[in-house]
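> Sequence plus the predicted model coming up.
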Amino acid sequence: MKSTKLRKVGNSVGVILPKEVLASMNVSVGDELRISHTSQSVTLQTGDADFDAAMKAFERGRKKFRNALRELAK
């Protein structure tokens, strides 16, 4: 397990990720990461534009076809 410090970046706070971590995640400068967190931990995941688009489409469809989805779930 590696550790790093939080650093002030302008009016925000940033984290510097070691080169090895970037390489293992196959990300570089300019790539997007998704962040999920609990009170105990933070998880970084590589961004997936297709997944994000699919989730937005699902949210639209979920409202429109709420009753049909409820029947299918039975």
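Happy to help now that I have it.

> quick one: contacts for the residue minimising distance to the centre of the chain?
By CA atoms, centre = their mean, the chain has its centre lying nearest to residue 34, at 1.8 Å. Going by CB atoms under 8 Å, 6 or more residues apart in numbering, residue 34 touches 44-48. The C-beta positions use only the backbone N, C-alpha and C, and glycine is treated the same way.

> Within the helices and strands, which one has residue 67?
helix 66-72 (DSSP states H and E).

> what is the mean pLDDT for that helix?
The pLDDT scores in helix 66-72 average 91.

> Nearest residue to residue 36 in space, please, no chain neighbours.
residue 43 (4.8 Å; CB to CB, 6 or more residues apart in numbering).

> quick one, phi/psi of the one you found?
When read as degrees, to the nearest 10, the backbone of residue 43 gives phi -120, psi 130.

> what's next to the lowest-mean-pLDDT helix or strand in the chain, contact-wise?
The least trusted helix or strand in the chain, going by mean pLDDT, DSSP states H and E, turns out to be helix 49-64, with a mean of 84. Applying CB under 8 Å, 6+ apart, the contact partners of helix 49-64 are residue 69.

> CA atoms only: put that helix into PDB for me.
The C-alpha trace of helix 49-64 is given here as PDB (Å, rounded to 0.1, in the frame of the first residue of the first chain):
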ATOM      1  CA  ALA A  49     -18.000   7.200 -21.600                       C
ATOM      2  CA  ASP A  50     -20.100   4.300 -22.900                       C
ATOM      3  CA  PHE A  51     -21.100   3.200 -19.400                       C
ATOM      4  CA  ASP A  52     -22.000   6.800 -18.500                       C
ATOM      5  CA  ALA A  53     -24.100   7.100 -21.600                       C
ATOM      6  CA  ALA A  54     -25.800   3.800 -20.900                       C
ATOM      7  CA  MET A  55     -26.700   4.800 -17.400                       C
ATOM      8  CA  LYS A  56     -28.200   8.100 -18.600                       C
ATOM      9  CA  ALA A  57     -30.300   6.200 -21.100                       C
ATOM     10  CA  PHE A  58     -31.400   3.700 -18.400                       C
ATOM     11  CA  GLU A  59     -32.400   6.600 -16.100                       C
ATOM     12  CA  ARG A  60     -34.600   8.000 -18.900                       C
ATOM     13  CA  GLY A  61     -36.100   4.600 -19.700                       C
ATOM     14  CA  ARG A  62     -36.600   3.600 -16.100                       C
ATOM     15  CA  LYS A  63     -39.000   6.500 -15.600                       C
ATOM     16  CA  LYS A  64     -40.900   5.900 -18.800                       C
END
